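In: with the sequence up front, the predicted model follows.
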Amino acid sequence: MPKLTIDGRQVEVAPNTTIIQAAEQAGVEIPRFCYHERLSIAGNCRMCLVEVEKSPKPVASCAMPVAEGMIVHTRSEKANKARNGVMEFLLINHPLDCPICDQGGECDLQDQAMAYGFDRGRYHENKRAVRDKNMGPLVSTIMTRCIHCTRCVRFATEVAGVPELGATGRGEDMEITTYLEKALATELSGNVVDLCPVGALTSKPYAFSARPWELRKTETIDVMDALGSSVRIDARGREVMRVLPRLNELVNEEWLSDKGRHACDGLQNQRLDQPYVRVNGKLKPASWGDAFAAIAAKVKAVPGNKLAALAGDLVDAEAMFALKQLMTALGSANIDCRQDGAAVDPSARASYLFNSGIAGIEEADAILIVGSDPRREAPVLNARIRKRYLRGNIAIGVIGDALELTYKYQHVGATADAILKIADGSHEFAQKLKAAKKPMIIVGMAALSRADGAAILAAARQAADACGLVRDGWNGFNVLHTAAARVGGLDVGFVPGAGGKDTRGILDAAGKGEIDVVYLLGADEIDTAKLGKAFVIYQGHHGDAGAHRADVVLPGAAYTEKSGTYVNTEGRVQRAERAVFPPGDAKEDWAIIRALSEAVGKKLPFDSIDQVRAGMRAANPVFAGIDTVTKAEWKPFGAAGSIAASAFNYPIKNYYMTDPISRASRTMAQCTEEFVMGTKGTGTHG
């Protein structure tokens with residue numbers, strides 16, 4: 001452990017630590033543009049120059065490893081003069097765009113120029129101009145502002161795994177560009193805007209919309225996938241202006257998927273802002289009293305076994321808990337939160353969690369992916385797998401289609417029955433799992449939502465036992481969900497009770513006329529044609545498929561408009577906070593259900609969200625700790641049976657449109673046109 005002195009402070013750091021990292025540990029800030037702790041070292045901006053005793057010239061602190069006895073001065077006259085010179089050179093060609101630049105107020109170059117800039121320019125030649133590049137519908141480019149830090153290039157190559165960005169030319173002719181003049185084809189492209197230290201790369205949908213000091217900032221979570229990424233919502237008035245990632249090492253590090261970042265404009269479109277009741281075949285605006293009266297008249301005339309409820313993918317746990325209480329009071333056990341019919345076992349929590357934890361991916365040395373496309377189902381998690389892949393000494397296998405992932409893998413099998421060869425040890429990849437210290441299997445919804453999903457789950461568990469995936473301090477059996485609400489729904493018990501029907505059973509019974517009333521709580525991903533002549537109540541925030549079929553529409557609040565509890569795919573209990581208020585007469589979902597319970601004569605025993613949460617904690621202790629994961633007990637689950645030798649039907653065909661919010665987003669529509677309609681990729685496998 002070398003010891004060095006930085007600005008008079010003695011610091012002891014790990015070997016191979018650079019000076020800039022040691023300075024951060026000592027609480028000393030060194031300016032930088034090209035250096036980023038999650039990217040490889042480039043050493044090309046020279047802003048981080050420091051004085052090292054016995055060195056003849058200033059040293060780039062980002063690229064220089066520490067040495068025993070090194071004495072570093074970060075604020076000496078020599079270091080400051082070197083930085084002043086670097087800043088003057090940087091500003092030679094930088095345009096005077098600050099008044100019109102979207103980066104204004106959040107610009108690293110502005111901040112550093114305040115500290116190290118000169119009060120006048122000494123360069124009288126013409127400034128360089130660079131043609132703007134096309135990086136797609138999400139990233140706006142003003143490349144004349146570029147200072148060639150290459151953060152975007154390194155991110156695209158190393159983290160996103162799409163080496164489409166690079167530099168052409170040399171010296172003054174150097175330009176950062178996409179090699180083939182096409183859009184940046186990655187589900188993580190918005191992160192280059194966060195990384196850019198100047199205004200060369202900015203958010204195209206957000207361009208010229210607001211200044212950062214105008215915005216009200218709310219720390220919350222993303223619900224566009226099941227990862228539960230930490231985000232910050234910036235709002236002005238009642239409008240969500242943008243969504244930015246927050247640092248969370250255990251979940252999303254500091255990255256955010258493009259859908260989580262840019263689908264927020266869908267919150268302004270196709271909103272339900274008042275109740276509706278269907279009269280003579282057409283939905284007509286109504287008061288809350290009229291809507292509740294219509295529901296009460298129907299529900300009171302129907303026995304409990306002819307009532308059913310389905311919960312959607314964006315619903316908070318409080319709403320599902322309240323609706324479960326109401327359905328139980330009405331005498332119905334026909335409830336389900338699994339719109340896709342996924343065959344997880346609600347009685348065994350380990351059967352539906354990402355048990356190793358998302359951060360556990362970095363410890364794994366063998367990964368088998370079964371019926372999952374992590375690049376589209378959870379892009380940030382996929383980046384974590386790539387991060388582990390780049391470190392080497394890992395075997396990755398895939399059962400399913402030849403997917404276009406961002407790392408090389410072994411194609412273990414194209415059909416679902418290949419999991420049986422892993423379970424019985426007859427496939428060579430089973431030996432790699434057995435030989436690994438921390439092996440992992442990731443089971444996706446394409447595997448579990450099939451008719452033989454329970455058999456696949458049982459086979460996956462058998463494989464986990466046979467290959468030693470569960471051992472002291474390590475559980476490598478993981479399920480990757482696609483819905484933010486799924487684990488929370490399973491934890492509150494929003495699944496069929498004794499004698500109750502699941503999603504498939506509810507739809508079949510409704511089509512046959514055996515179920516008369518179906519309550520859709522934000523459930524839009526079902527085939528509404530199968531509901532037959534059932535009386536449909538839809539509670540949600542967008543006029544999507546469920547609202548079109550409904551007989552009564554109750555306007556709810558989106559995730560940005562309420563305080564709600566979600567549980568991510570690893571079982572982490574998280575809290576979404578209200579950033580704006582819902583439009584019109586829309587209310588929070590639990591409050592709607594509480595008011596409805598009184599109208600139908602089954603008043604629920606809570607009047608505030610705190611009382612709802614107290615009930616949830618009493619029902620399931622996992623809700624007691626926010627931002628904590630309760631480890632699940634490893635016990636038998638799944639149902640043995642035959643597995644069809646057929647390919648998987650992956651749930652996400654179009655990454656950019658998977659839910660009512662993203663389907664209402666103009667930005668996601670542009671991405672669909674650019675990336676889905678225009679191009680088709682090929683698989684990357686070994």
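Out: It's in.

In: sketch out the low-pLDDT regions of this structure for me.
Out: The chain contains residues with pLDDT under 70 at 679-686.

In: tally of neighbours for the residue nearest to residue 586 when sequence neighbours are not counted?
Out: Excluding the flanking residues, the one nearest residue 586 by CB to CB, 6 or more residues apart in numbering is residue 555, at 3.9 Å. In this view, the C-beta of every residue, glycine as well, is placed from N, C-alpha and C. When counting by other CB atoms under 10 Å, one arrives at 26 neighbours for residue 555.

In: ok, what's across the strand from residue 555?
Out: On the basis of DSSP bridges, residue 555 is bridged to residue 540.

In: was I right to think it contacts residue 286?
Out: No: contact criterion CB atoms under 8 Å: residue 555 and residue 286 do not qualify, at 10.9 Å.

In: report how many residues lie close to residue 393.
Out: Using other CB under 10 Å, residue 393 has 9 neighbouring residues.

In: helix, strand, or coil at it?
Out: Classification of residue 393 using DSSP: H, G, I helix; E, B strand; the rest coil returns coil.

In: what residues are shared contacts of residue 555 and residue 286?
Out: Common contact partners of residue 555 and residue 286 (CB atoms under 8 Å, 6 or more residues apart in numbering): 274-275.

In: what's in contact with the longest helix seen in the chain?
Out: Secondary structure assigned by DSSP state H gives helix 77-92 as the longest helix of the chain. The contact list for helix 77-92, computed with CB under 8 Å, 6+ apart, reads 31, 33, 45-47, 49-51, 58, 73, 109, 112-113, 116-118, 121-123, 127, 147.

In: how close does the residue nearest to residue 586 sit to residue 587?
Out: 7 Å (CB to CB, to the nearest Å).

In: report the beta-bridge partners for residue 277.
Out: Beta-bridge partners of residue 277, as defined by DSSP bridges: residue 284, residue 552.

In: okay, strands next: where are they in the stretch 401-550 of the chain?
Out: With strands called from DSSP state E, counting those that start in this stretch, the stretch 401-550 of the chain shows them at 410-413, 439-444, 470-471, 474-475, 477-480, 517-521, 535-540.

In: end to end on stretch 165-177, go ahead and measure it.
Out: For stretch 165-177, the first-to-last residue distance is 6 Å (CA to CA, to the nearest Å).

In: same thing with stretch 616-635?
Out: Counting by CA to CA, you get 24 Å between the two ends of stretch 616-635.

In: now stretch 269-285
Out: The first and last residues of stretch 269-285 sit 18 Å apart, counting by CA to CA.

In: what sits up against stretch 452-460?
Out: Under the contact criterion CB under 8 Å, 6+ apart, stretch 452-460 has outside partners 341-345, 351, 370-371, 416, 419-420, 423, 441, 443, 447-448, 450, 477, 637-644.

In: now that stretch - C-alpha only, PDB.
Out: Extracted C-alpha coordinates of stretch 452-460, given in PDB (Å, rounded to 0.1, in the frame of the first residue of the first chain):
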ATOM      1  CA  ASP A 452     -45.000 -25.200 -20.200                       C
ATOM      2  CA  GLY A 453     -43.500 -22.400 -18.100                       C
ATOM      3  CA  ALA A 454     -43.900 -24.300 -14.800                       C
ATOM      4  CA  ALA A 455     -42.000 -27.200 -16.200                       C
ATOM      5  CA  ILE A 456     -39.200 -24.900 -17.400                       C
ATOM      6  CA  LEU A 457     -39.100 -23.300 -14.000                       C
ATOM      7  CA  ALA A 458     -38.800 -26.700 -12.400                       C
ATOM      8  CA  ALA A 459     -36.000 -27.700 -14.800                       C
ATOM      9  CA  ALA A 460     -34.200 -24.500 -14.100                       C
END
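
In: what about it, distance to the chain center?
Out: 26 Å (CA atoms, centre = their mean, to the nearest Å).

In: one more: stretch 629-638?
Out: Put simply, stretch 629-638 sits 24 Å off its chain's centre (CA atoms, centre = their mean).

In: so which bits of it are buried?
Out: 629-630, 632, 634, 637-638 (16 or more other CB atoms under 10 Å).

In: between the two ends of that stretch, how far is it?
Out: Length of stretch 629-638, first residue to last, CA to CA: 23 Å.

In: ok, stretch 639-646 next?
Out: End-to-end span of stretch 639-646 (CA to CA): 19 Å.

In: buried stuff in that stretch?
Out: Across stretch 639-646, burial judged by 16+ other CB under 10 Å covers residue 643.

In: stretch 24-36 now?
Out: Within stretch 24-36, the residues scored as buried using 16+ other CB under 10 Å are 26, 28, 30-36.

In: turn the residues you listed into JSON lines, columns for distance to residue 672.
Out: Shown next, in JSON lines, are the buried residues of stretch 24-36 (distance: CB to CB, whole Å):
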{"residue": "26", "distance to residue 672": "49"}
{"residue": "28", "distance to residue 672": "47"}
{"residue": "30", "distance to residue 672": "43"}
{"residue": "31", "distance to residue 672": "41"}
{"residue": "32", "distance to residue 672": "37"}
{"residue": "33", "distance to residue 672": "35"}
{"residue": "34", "distance to residue 672": "34"}
{"residue": "35", "distance to residue 672": "36"}
{"residue": "36", "distance to residue 672": "31"}
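
In: can you list the residues you listed in a markdown table and add secondary structure and distance to residue 155?
Out: Output for the buried residues of stretch 24-36, formatted as a markdown table (DSSP: H, G, I helix; E, B strand; the rest coil; distance: CB to CB, whole Å):
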| residue | secondary structure | distance to residue 155 |
| --- | --- | --- |
| 26 | coil | 27 |
| 28 | coil | 26 |
| 30 | coil | 21 |
| 31 | coil | 20 |
| 32 | coil | 16 |
| 33 | coil | 14 |
| 34 | coil | 12 |
| 35 | coil | 13 |
| 36 | coil | 8 |
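
In: just the helices in the stretch 351-500 of the chain please.
Out: Counting by DSSP state H, counting those that start in this stretch, the segments of the stretch 351-500 of the chain that form helices are 374-377, 379-391, 418-423, 428-435, 445-448, 453-466, 486-491.
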